[in-house]
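**Q** Using only what follows, build the 3D model:
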Amino acid sequence: MTVGQNMGFNMQIAGRPRAEIAAAVDHAARILRIEEHLHKHPRALSGGQKQRVAIGRAITRSPDVFLFDEPLSNLDAALRTQMRVELGRLHAELGATMVYVTHDQVEAMTMADRIVVMRAGVIEQVGRPLDLYNRPANQFVAGFLGAPRINFLAAQVQQVMGNSATLAIPGSQVLRLPDLVEGHGLKSGDSVRLGFRPESALRQGEATDGIDIAAQVAVVEALGRETLVYASSEAVKSIDSESQDGFFALHFPEQRDFALGAATRIAVPAAALYLFDSAGIACRFPTQALSA
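**A** Below you'll find the predicted structure:
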């Protein structure tokens, strides 16, 4: 079938009049900007155009709810970005509910009004993208949202006083963290995990009241407008890291010149630190993010 025949097929098998089918196809094609492709066959279309045809086939039925099951997974990076923009525009124009399933957290963060994070069929948290990013309910949600992923390292509770805790980081310093969530349940001797986002890393020379670890540059990704650095520390190990090699990910929003193997410093202010208990439940959120 041609693109036009494909988009009108659902209405055809429903026995709708030809004039009504033609009008619905033309309307959907205008919305998706594929009017010039209506006479073409699938072999003449790009991956992105084929996805538009599939969406157009749904639009012609005027549904109240669209269901998308990883619709961009087979597209290249440039097309995925383009189609994210197109789907956002389409959602605003149609005003219909869209349920969108994806493993790509960038798609979830950029496209969703609300995100439902699931693990093994169980809902972990529901909320607006930035709410989940800044206040994840647990370590799983914190690790799922964000690219590069959040960094985790082990610590042990030395003392708890009200909503503050003193933590010992193996191989590094002792750290005092205020602003624990109410009812946190932490006690002396508990094994916990600290988390910090890659963008929270301070530049060389900036003082911090939080984590301060000597490290070595292992990998540099120069992306033009930004720089990603993966650093390792002999004293403190990264756990559950994206690279699975124990590297800490650091993000700098500008061009930076790092030499491989060079000594560096992982410095993160206390206001940017997350804290999770031994069960992975969040006990503290960054006060930096909350005040932004």
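**Q** State the number of residues packed around the closest residue to residue 227 other than its chain neighbours.
**A** Counting by CB to CB, 6 or more residues apart in numbering, the nearest residue to residue 227 once its immediate chain neighbours are dropped is residue 256, at 4.2 Å. Quick note: C-beta positions are derived from backbone N, CA and C, even for glycine. Neighbourhood size, residue 256 [other CB atoms under 10 Å]: 15.
**Q** In contact with residue 256, which residues?
**A** 222, 227, 229 (CB atoms under 8 Å, 6 or more residues apart in numbering).
**Q** for the chain, what spans make up the helices?
**A** Using DSSP state H, the helices of the chain run over residues 3-7, 9-13, 18-32, 47-59, 77-94, 105-111, 129-134, 139-144, 287-291.
**Q** tell me what the longest one is packed against?
**A** What it means is helix 77-94. The helices and strands touching helix 77-94, judged by 3 or more CB pairs under 8 Å, 6 or more residues apart in numbering; DSSP states H and E, are helix 18-32, helix 47-59, strand 97-101, helix 105-111.
**Q** go with 10 Å
**A** Packing partners of helix 77-94 (3 or more CB pairs under 10 Å, 6 or more residues apart in numbering; DSSP states H and E): helix 18-32, helix 47-59, strand 65-69, strand 97-101, helix 105-111.
**Q** weakest of the ones you listed in terms of mean pLDDT?
**A** Of all the helices and strands packed on helix 77-94, mean pLDDT reaches its minimum on helix 47-59 (a mean of 87).
**Q** Name the residues of that helix that are buried.
**A** By 16 or more other CB atoms under 10 Å, the buried positions in helix 47-59 come out as 48, 49, 50, 51, 52, 53, 55, 56, 57, 58, 59.
**Q** List just the nearest of these to residue 279.
**A** residue 51 (40.9 Å; CB to CB).
**Q** My guess is the closest one contacts residue 74. True?
**A** Yes - with contact defined as CB atoms under 10 Å, residue 51 reaches residue 74; the gap is 8.8 Å.
**Q** hmm, back to that, can you say which of the helices and strands packed on helix 77-94 is nearest to residue 192?
**A** Comparison of those against residue 192 by CB to CB identifies helix 105-111 as nearest, at 24.3 Å.
**Q** May I see the buried residues of the closest one?
**A** By neighbour count with 16+ other CB under 10 Å, helix 105-111 contains the buried residues 105, 107, 108, 109, 111.
**Q** Next one: the last one from residue 7, what distance?
**A** In other words, residue 111. Using CB to CB, to the nearest Å, residue 111 is found at 23 Å from residue 7.
**Q** And for the fourth one?
**A** The gap separating residue 109 from residue 7 is 31 Å, by CB to CB.
**Q** same question, the second one
**A** When CB to CB is the yardstick, residue 107 and residue 7 sit 24 Å from each other.
**Q** how is this protein carved up into domains?
**A** The chain breaks down into these domains under automatic domain parsing: 3-111, 151-291.
**Q** who's in contact with residue 240?
**A** Counting by CB atoms under 10 Å, 6 or more residues apart in numbering, residue 240 touches 139, 140, 142, 143, 149, 150, 151, 152, 153, 193, 195, 246.
**Q** Return the residues in contact with residue 94.
**A** Neighbour list for residue 94: 31, 59, 62, 63, 66 [criterion: CB under 10 Å, 6+ apart].
**Q** Kindly recompute the last result at 8 Å.
**A** Listed by CB under 8 Å, 6+ apart, the contact set of residue 94 reads 31, 59.
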